[in-house]
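S.K.: Fold the following and give me the result.
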Amino acid sequence: MERLLFAVGLAAVWSDATCNELPAPTGLRTEMLLESAAPVLVISSVTPKFSFLPHAVWDHPGRGVNLTAYRIVVRTSAGTTAWDSGQVVVQNSLPATIQCTTQLAHMTAYSWTAQWWAGDVASAVSTPAVFEVGPAPTDWNSAPWVGDGQNEFKIEYTLASSASRVRLYLAAPGGAVVYNAATGAAIGDESGISAWVPFDQMVLYDGYPLPTQAGTHSIVVLAGHGFYTMGTFACKKPIGSGGFCGENPAVKALLAIDDAETSIARNVALPSRTARGIDVDGPAILSGRVGAVVSDDPWLGTTINWSRWLGQDDWAPTRAVPDVPPGNISALQVERVQTTGSSTSKLPSVPIAVQQLGPSTWHFNFSRNIVGHVVLKAGSYSGPGNISINHCEVMNGTACSSLAHLPGGLGTDIHILGPNTSSRDLSPRFTWHGFQHVIVTTSGGAKFDGKLNSLSAVWTVANVDESATIEFEGPGATLLSAIRDITKSSQWANMAGYIPTDCPTREKHGWLGDAQVVAEEAMYNVFSPALFQLFVRIIRDQQLKSGPYAGSVPIVVPGPVQQPGDISWTAAYPLITNWLYEYYGDVTTIRDQWSQLKLYADGQLREAGNNGTLPTFWQCGDWCAVEPRATCTPGTGPPAAGANFLLALDAIVKMAVAIGENADASRYSNILASLRSEFDARFWNATSGTYSNDPLESQTLSALALGSGAVPQSRLATVIATLAGDVSARGNHLTVGSAGQKCYGN
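M.R.: Numbers count the residues shown, from 1 in each chain. Here you go, the predicted structure:
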């Protein structure tokens, strides 16, 4: 199968037999993440996996020699060797990942280096990469969940002498921003975007570097609602395999202080200051509620009125969160949102035009859609009063269009200004929007100058690196380059909320059908194993006991889950897991998911037992094809689902081979062969030479039959010729929807 969109910018070797030293390895990754993926790269595993590039030279004239060995050394922050792989001999190439075979310690910082050999010639040793192993699961048991209506907390700690390392490990399912109370500066990213996960199964924590010098330090934690407290639309209990949402922001924290290689973890009392009587959170995504983004926070320069800080021993029981997220706590091992210096910095972030619509209203227009939020420049505004910022995907004249899934007010941030709030940039927290247009409105006495350079946009998507590109020359190069750029920017935009979303502007859901269509494209264009590994975990955690799951995760729709879901959507689970192996060599995820992957296949087969043997469960069919949906959905639903089950089963066979589950590989391979024959017998239309009964459905269903291997050799030429003829007869236009377009493209 040929694939177009990749020209991977990696070099595997350096070849010059006269070189005395090979170049040092680059691109060191711990658990598939660069050190720069987060302010502190914290992982959960005590036996992490490492990977690196032998070097970054793409066009060196001496390329071509074989890599014959490698060595990895892991050291503590004091320089003590924690693990040394020794010189490991390999056959011409590196393993995709190299696993540490010694258990490392929790809440401990490490560095590691890599080296490689070509015969007797050794490379230079790489620059060290730094990571930390976070708290053990049991460490979190002694830390209380706190919140109960409060969302601003303070942490104080005193160091008698300088420490080598101070870390705050913070679990905040609704997102959090951490500030140095003395300076008002954010520690890490200030957007506070939360990961959207099933909180009844998992809660993710992050690490923050805190001051290490001697003295007393005050840290402020501002907790958000994020995806955790999304109201009636997106947070129902229970749903399907269970669901959980909180009524208020909640946090749990641990503090680690390193001094002379001694790590001290202690529970951190997080008492709240006196409530101000106003909501200090931004709009909760999907809640239909407009919150208030407060701009005169006392710890940013004005008078501080704190309540008495409670110690751990006298923590008031009423301050504990009454309804806590029950999920297991683990590290957020995904590239973080980074609003500065990120891979999205090349994307547009400044408006191209501004128009004053009225005495207190301005319309700003950007060159393209943006996923994030808007920042008002310091000095461009003043209080007291309110400034509302309405984010619009499409304008209707001089007004923002109200689109489906985006009810009035949902795309609006409101900044409540005090009298002394003009000296810093004005930016919301815990929220993101999809927009190309922004309408700024002042009220209550607030002022805004409306200048073009007074407003800019911040992207709040995962900071994944570009991993491949393709360049075009000759006729059509401009068009093809534009398609390439649209594809990549769309992919970046749909990596919001730390899951692959269907649409970053309105629904903002993790639809599985959308994810499985774009996952391979994403893996070609951006280095995204961590994001998809998390997504696969989310799918697994939403699986029902009988094996199936809904077409979107985390589950957000009210009422019972349709079970089984449309296989053209749910096949994403085995397909993406297998692509993680094919593109990144990730066998660990397969092993972690193996029992659930088998449950998925066996559950579908069991459910289909009363209606043949090929599972064809459907609800959506070939989504958004050119045919009216009332006709297309039932016409394409069963064969599209059946073909996607074949694709899913083929992926399961490949994964069974990859992890040495030979008996399972044989069993599923035999089932696959039988079901391919059944698909052909059930859906083949000899009259039309296609797998459909409607001409508008033939492109999708014939492409799916070909892609899933269901077309017997004797029909192959006929199906290909008929498919090509149909496209040609329509003036080279396609009739495929989401279910059919990928197999057609392949």
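S.K.: for this structure, what's the longest strand?
M.R.: strand 361-376 (DSSP state E).
S.K.: for whichever helix or strand comes after it, packing partners?
M.R.: The element immediately downstream of strand 361-376 (helix or strand, assigned by DSSP states H and E) is strand 381-382. In this structure, strand 381-382 packs against strand 447-448, with contacts taken as 3 or more C-beta pairs under 8 Å, 6 or more residues apart in numbering; DSSP states H and E. Just so you know, the C-beta spots here come from the backbone N, C-alpha and C atoms, and that holds for glycine as well.
S.K.: got the contact list for Ile538?
M.R.: 197-198, 202, 499, 510, 553-554 (C-beta atoms under 8 Å, 6 or more residues apart in numbering).
S.K.: Tell me the gap between the helix or strand where it lies and the middle of its chain.
M.R.: Assessed by DSSP H and E, Ile538 sits inside helix 529-541. Here helix 529-541 shows a centroid-to-chain-centroid distance of 9 Å under the convention C-alpha atoms, centre = their mean, to the nearest Å.
S.K.: Alpha carbons of the very next helix or strand once past that helix, as PDB, please.
M.R.: Later in the chain than helix 529-541, the nearest helix or strand by DSSP H and E is helix 567-570. Output of helix 567-570 as PDB, limited to C-alpha atoms (Å, rounded to 0.1, in the frame of the first residue of the first chain):
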ATOM      1  CA  ILE A 567     -18.100  -0.600  14.200                       C
ATOM      2  CA  SER A 568     -17.000   2.100  11.600                       C
ATOM      3  CA  TRP A 569     -16.300   4.100  14.800                       C
ATOM      4  CA  THR A 570     -15.400   1.600  17.400                       C
END
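S.K.: on contacts alone, who are the packing partners of the helix or strand following helix 567-570?
M.R.: On the C-terminal side of helix 567-570, the closest following helix or strand by DSSP H and E is helix 572-584. Packing partners of helix 572-584 (3+ C-beta pairs under 8 Å, 6+ apart): helix 512-525, helix 529-541, helix 588-607, helix 629-658.
S.K.: Ala160: how many residues sit nearby?
M.R.: Neighbours of Ala160 under the rule other C-beta atoms under 10 Å: 8.
S.K.: Identify the residues contacting it.
M.R.: Ala160 is in contact with Ala214, counting by C-beta under 8 Å, 6+ apart.
S.K.: just Asp541 next, same as before
M.R.: Going by C-beta under 8 Å, 6+ apart, Asp541 touches 197-198, 201-202, 241.
S.K.: Tyr583: which of those is nearest?
M.R.: Tyr583 lies nearest to Val197 out of those, by C-beta to C-beta, at 23.1 Å.
S.K.: Does that closest one belong to a helix, a strand or coil?
M.R.: coil (DSSP: H, G, I helix; E, B strand; the rest coil).
S.K.: Quick one: mean pLDDT for the helix holding Ile538?
M.R.: For helix 529-541, the mean pLDDT works out to 93.
S.K.: And stretch 186-194, by the same measure?
M.R.: Here the average pLDDT along stretch 186-194 is 86.
S.K.: ok, residues contacting that stretch?
M.R.: 38-39, 172-180, 206, 208-210, 219, 222, 224, 226-228, 336-339, 372-373, 427, 429-430, 432, 458, 460, 496-498.
S.K.: so how many other residues sit close to Gln333?
M.R.: 23.
S.K.: shaky segments in the stretch 51-200 of the chain?
M.R.: 55-65, 148-150 (pLDDT under 70).
S.K.: hmm, 90 instead?
M.R.: Along the stretch 51-200 of the chain, the parts satisfying pLDDT under 90 run over 53-67, 77-78, 91-96, 107, 118-121, 136-168, 172-177, 179, 181-186, 188-200.
S.K.: Which pLDDT value belongs to Val556?
M.R.: 58.
S.K.: if we can go back for a sec, include distance to Asp139 when you put the helices and strands packed on helix 572-584 into JSON lines, please.
M.R.: Listed next are the helices and strands packed on helix 572-584 as JSON lines, based on distance: least, C-beta to C-beta, whole Å:
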{"stretch": "helix 512-525", "distance to Asp139": "33"}
{"stretch": "helix 529-541", "distance to Asp139": "21"}
{"stretch": "helix 588-607", "distance to Asp139": "22"}
{"stretch": "helix 629-658", "distance to Asp139": "33"}
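S.K.: Which among the ones you listed is found nearest to Leu28?
M.R.: helix 529-541 (14.8 Å).
S.K.: Export that closest one to CSV, keeping only CA atoms.
M.R.: Extracted in CSV, the C-alpha atoms of helix 529-541 (Å, rounded to 0.1, in the frame of the first residue of the first chain):
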residue,chain,number,x,y,z
PRO,A,529,2.5,8.5,20.2
ALA,A,530,1.9,9.9,23.7
LEU,A,531,-1.4,11.5,22.7
PHE,A,532,-2.7,8.4,21.0
GLN,A,533,-1.5,6.1,23.9
LEU,A,534,-3.6,8.2,26.3
PHE,A,535,-6.5,8.0,23.9
VAL,A,536,-6.3,4.2,23.7
ARG,A,537,-6.3,4.1,27.5
ILE,A,538,-9.4,6.3,27.6
ILE,A,539,-11.2,4.0,25.1
ARG,A,540,-10.2,0.9,27.2
ASP,A,541,-11.5,2.6,30.4
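S.K.: Mind telling me what element Ile219 is part of?
M.R.: Assigned by DSSP H and E, Ile219 belongs to strand 215-223.
S.K.: And the contacts of Asp541, which is closest to Thr158?
M.R.: Closest to Thr158, out of all of the contacts of Asp541 and judged by C-beta to C-beta, is Met202, at 33.8 Å.
S.K.: give the contact list for that closest one.
M.R.: Met202 neighbours (C-beta under 8 Å, 6+ apart): 327-330, 537-538, 541.
S.K.: Disregarding residues adjacent in the polypeptide, which is nearest to Pro54?
M.R.: Trp116 (4.9 Å; C-beta to C-beta, 6 or more residues apart in numbering).
S.K.: quick one, what contacts the one you found?
M.R.: 22, 25, 54, 67, 69-71, 94, 122-123.
S.K.: burial of the residue nearest to Cys743 when sequence neighbours are not counted, as a residue count?
M.R.: The shortest distance from Cys743 to any residue other than its chain neighbours is 3.2 Å, reached at Gly707 (C-beta to C-beta, 6+ apart). Gly707 has 21 neighbours, counted by other C-beta under 10 Å.
S.K.: I'd guessed Gly707 sits against Leu647; true?
M.R.: Yes - at 6.9 Å, Gly707 counts as touching Leu647 under the criterion of C-beta atoms under 8 Å.
S.K.: Might one say that Gln213 is in contact with Ser162?
M.R.: Yes - contact criterion C-beta under 8 Å: Gln213 and Ser162 qualify, at 5.4 Å.
S.K.: how about stretch 439-450 as PDB, C-alpha atoms only?
M.R.: What follows is stretch 439-450, C-alpha atoms only, in PDB (Å, rounded to 0.1, in the frame of the first residue of the first chain):
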ATOM      1  CA  ILE A 439     -15.900  40.600  18.900                       C
ATOM      2  CA  VAL A 440     -14.800  42.700  21.900                       C
ATOM      3  CA  THR A 441     -17.400  44.600  23.900                       C
ATOM      4  CA  THR A 442     -16.900  46.800  26.900                       C
ATOM      5  CA  SER A 443     -19.400  47.600  29.600                       C
ATOM      6  CA  GLY A 444     -19.800  49.000  33.100                       C
ATOM      7  CA  GLY A 445     -17.200  51.700  32.400                       C
ATOM      8  CA  ALA A 446     -14.400  49.600  31.100                       C
ATOM      9  CA  LYS A 447     -12.200  51.100  28.300                       C
ATOM     10  CA  PHE A 448     -10.500  49.400  25.300                       C
ATOM     11  CA  ASP A 449      -8.500  51.200  22.600                       C
ATOM     12  CA  GLY A 450      -9.500  48.900  19.800                       C
END
